[in-house]
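# Predicted model, plus sequence, below.
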Amino acid sequence: MRLLEGATDAEVVTDPNDEIEALQQDNADLRRELSRAIQAKRASEQGLSALRKQLTPLYRALQAVFGELDAAGVDDSGPANNATPRVSAVWESWKQKLGTNTAPARVIDALLGHGELNVAQLKVAAKMANQTVYDAIHRLNKLGLINKNGGRFSLKQL
């Protein structure tokens, strides 16, 4: 530091070269900090990209599952069973007549619980083989208990 001519001790002025060096040092520090931030961003992007690559098959599989759930009319509000106690009692009576653990009774339970379903969905919901589902549908149809809408089945309104 130097004193300006005629200045007292209280009026000290910094050397401009010292200020330039300090600014250059600050600039260099900021450049290093920016470089580290850019490297951290790249590493983060690579990590997120790897995570996305790992999760994409699961995401697509869940999209397919939810598409099937939407097609079956299943939503977050719970099972499709909106039956009154009287209607539930009538279906329970039919299940008793058919045999409580028979294929037709299990199809009735599946349709009460899920609403309209196709054969593949009935197979899963009732835990039965294809032919067993077809036999149960045939029996329920002969009794006039189910509706067919395209390839989907539902219980008759009581």
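Everything's here; your move.

# Isn't residue 68 up against residue 124?
No. With contact defined as C-beta atoms under 8 Å, residue 68 does not reach residue 124; the gap is 9.6 Å. Where you see a C-beta, it was placed from the backbone N, CA and C, and this is true even at glycine.

# Show me the shaky parts of the protein.
Residues of the chain meeting the criterion pLDDT under 70: 1-13, 74-83.

# quick one, strands of it?
2-3, 12-13, 117-118, 146-149, 152-155 (DSSP state E).

# would a markdown table of the ones you listed with distance to residue 32 and mean neighbour count be doable?
Below are the strands of the chain laid out as a markdown table (distance: least, C-beta to C-beta, whole Å; neighbours: other C-beta atoms under 10 Å):
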| stretch | distance to residue 32 | mean neighbour count |
| --- | --- | --- |
| strand 2-3 | 32 | 10 |
| strand 12-13 | 30 | 10 |
| strand 117-118 | 63 | 21 |
| strand 146-149 | 69 | 14 |
| strand 152-155 | 66 | 19 |
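
# In CSV: those, plus distance to residue 85.
Output for the strands of the chain, formatted as CSV (distance: least, C-beta to C-beta, whole Å):
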stretch, distance to residue 85
strand 2-3, 100
strand 12-13, 95
strand 117-118, 23
strand 146-149, 21
strand 152-155, 16
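
# out of these, nearest to residue 92?
strand 152-155 (12.7 Å; C-beta to C-beta).

# What is that closest one packed up against?
Packing contacts for strand 152-155, counted by 3 or more C-beta pairs under 8 Å, 6 or more residues apart in numbering; DSSP states H and E, involve helix 103-114, strand 117-118, strand 146-149.

# Which parts of this structure belong to which domain?
Here the domain assignment for the chain is 12-71, 85-155, based on automatic domain parsing.

# which of those domains sits most buried?
Most buried of these, by mean neighbour count (mean count of other C-beta atoms under 10 Å): domain 85-155, with a mean of 16.

# Tell me how far that one lies from the chain's centre.
29 Å (C-alpha atoms, centre = their mean, to the nearest Å).

# and it, how far apart are its ends?
End-to-end distance for domain 85-155: 16 Å, by C-alpha to C-alpha, to the nearest Å.

# can you point me to the longest helix in this structure?
helix 16-71 (DSSP state H).

# Can you lay out the helices and strands packed on strand 152-155 as CSV showing distance to residue 19?
As requested, the helices and strands packed on strand 152-155 are exported to CSV (distance: least, C-beta to C-beta, whole Å):
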stretch, distance to residue 19
helix 103-114, 78
strand 117-118, 80
strand 146-149, 84
